[in-house]
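Asker: Test case, fold it:
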Amino acid sequence: MNTCLARALSRTFPRFLILMITPSVRTRFSMLISSPLVEQYNTLMEKAKQTFSTPKAIAFLRKIERNKNLLVFAFTSECFTAGHVFNQRSEGRMSAIKGKGTWKKYLRNATMVELLERISQTARTQNRAARDELKRCRSHGFMVGERYRQNLQKSIVESMSISYVSPISEDSSKHIVKCNEDATNYCEVNLKDEVLWNGHKFFIMTGTCPFYRSSLCICPCACAAAQRRGMDIKNPTHVHPRY
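Answerer: Numbers count the residues shown, from 1 in each chain. A predicted model of the protein is given here:
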């Protein structure tokens with residue numbers, strides 16, 4: 001079981017119940033909670049209900065169902081979380097406040113005023129780093145930051161392994177994208193989707209996959225569809241206006 005899944009379960013379910021789950025059952029629950037699509041989650045949930053019939057297992061499944069908007073990736077991916085690094089960002093910020101461990105002893109005995117001053121100092125440091133990044137973008141004529149460019153390059157590389165891209169109709173900007181023709185999971189890509197942002201209309205690439213919905217960065221699926229249509233993926237007009 002990965003760390004994020006263990007934390008989610010430990011917050012929602014009694015600790016003793018988690019420890020009672022065998023490795024094989026834990027794998028089944030991991031697949032259930034990590035489902036990227038609602039349809040896949042529903043299918044796995046029905047199979048789990050048919051497979052596990054003990055009172056404790058049934059209670060466990062019912063609690064997952066009640067808390068699916070907090071636990072199951074197919075539902076949590078509907079929210080913007082800065083991509084799949086939301087937890088890492090939170091942990092990283094706490095680590096910065098604690099000086100990567102060097103300030104822990106001092107902060108443990110600090111007053112409220114001293115704690116607030118340390119938090120303000122960390123915020124100022126992060127603000128200066130953001131300012132320096134903006135200055136680099138401005139001086140080099142970049143429309144987006146370095147992290148976004150790195151993520152886009154990764155999406156372009158990953159799109160090379162996608163072999164199935166099919167337009168919904170000949171004159172449509174919408175495409176069905178799958179890893180291969182036999183795959184059951186797919187992403188619906190719109191290469192010219194209308195997005196409203198702060199009262200303005202933008203026409204950008206969008207996708208229905210969890211990667212795009214949670215990060216608003218161009219996903220490998222959109223890259224694969226754009227390449228088939230001969231579009232310039234790195235054109236900044238395709239970037240979500242949030243960035």
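Asker: how is this structure carved up into domains?
Answerer: 3-76, 84-140, 146-238 (automatic domain parsing).
Asker: Quick check: end-to-end length of the last one?
Answerer: Okay, so that is domain 146-238. Terminal residues of domain 146-238 lie 16 Å apart, using CA to CA, to the nearest Å.
Asker: Flag the shaky bits of this structure, pLDDT-wise.
Answerer: Scanning the chain for pLDDT under 70 picks out the ranges 1-24, 36, 77-92.
Asker: Next up, the contacts around the closest residue to residue 175 other than its chain neighbours.
Answerer: Closest residue to residue 175 apart from its sequence neighbours, by CB to CB, 6 or more residues apart in numbering: residue 225 at 4.2 Å. For the C-beta atoms, the positions are set from N, CA and C on the backbone; glycine is no exception. Residues near residue 225 by CB atoms under 8 Å, 6 or more residues apart in numbering: 165, 175, 177, 189, 191, 205.
Asker: Quick check: residue 206 vs residue 39, distance?
Answerer: Distance, residue 206 to residue 39, using CB to CB, to the nearest Å: 20 Å.
Asker: Neighbour count for those two, which is higher?
Answerer: residue 206 (23 against 11; other CB atoms under 10 Å).
Asker: What residue, apart from its backbone neighbours, is nearest residue 216 spatially?
Answerer: residue 240 (4.3 Å).
Asker: Break down the chain into its helices, ranges please.
Answerer: With DSSP state H as the criterion, the chain has helices at 3-12, 15-19, 23-33, 38-51, 55-66, 68-71, 73-76, 86-97, 104-108, 112-140, 146-159, 210-215, 220-228.
Asker: Can you tell me what sits against stretch 194-202?
Answerer: Against stretch 194-202 from outside (CB under 8 Å, 6+ apart): 203, 204, 206, 240, 241, 242.
Asker: mind pulling up the phi and psi values for residue 198?
Answerer: Backbone torsions of residue 198, given as degrees, to the nearest 10, read phi 50, psi 40.
Asker: Check the burial of residue 180 by counting its neighbours.
Answerer: A count of nearby residues for residue 180, using other CB under 10 Å, gives 9.
Asker: any idea how far it is from residue 172?
Answerer: 22 Å.
Asker: List the neighbouring strands of the biggest strand by length in the chain plus their orientation.
Answerer: The single longest strand within the chain, with elements called by DSSP state E, is strand 187-197. Next to strand 187-197 in the sheet, as set by DSSP bridges, lie strand 174-178 (antiparallel), strand 200-207 (antiparallel).
Asker: Need the contact partners of the shortest one.
Answerer: Strand 174-178 is contacted from outside by 162, 164-168, 185-191, 207, 221-222, 224-225, 228, using CB under 8 Å, 6+ apart.
Asker: hang on, the earlier thing: specify which member of the contacts of residue 225 is nearest to residue 27.
Answerer: For those, the residue nearest residue 27 by CB to CB is residue 177; the value is 27.9 Å.
Asker: if you compare the helices of the chain, which one is most tucked away?
Answerer: Compared across those, helix 220-228 shows the largest average neighbour count, a mean of 24 (mean count of other CB atoms under 10 Å).
Asker: got the CA coordinates for it in CSV?
Answerer: Coordinates of each C-alpha in helix 220-228 appear next as CSV, following Å, rounded to 0.1, in the frame of the first residue of the first chain:
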residue,chain,number,x,y,z
PRO,A,220,0.1,13.2,-22.6
CYS,A,221,-3.3,12.4,-24.2
ALA,A,222,-3.7,15.9,-25.5
CYS,A,223,-0.1,15.9,-26.8
ALA,A,224,-0.8,12.7,-28.7
ALA,A,225,-3.9,14.1,-30.3
ALA,A,226,-2.2,17.4,-31.1
GLN,A,227,0.7,15.7,-32.8
ARG,A,228,-1.7,13.7,-35.0
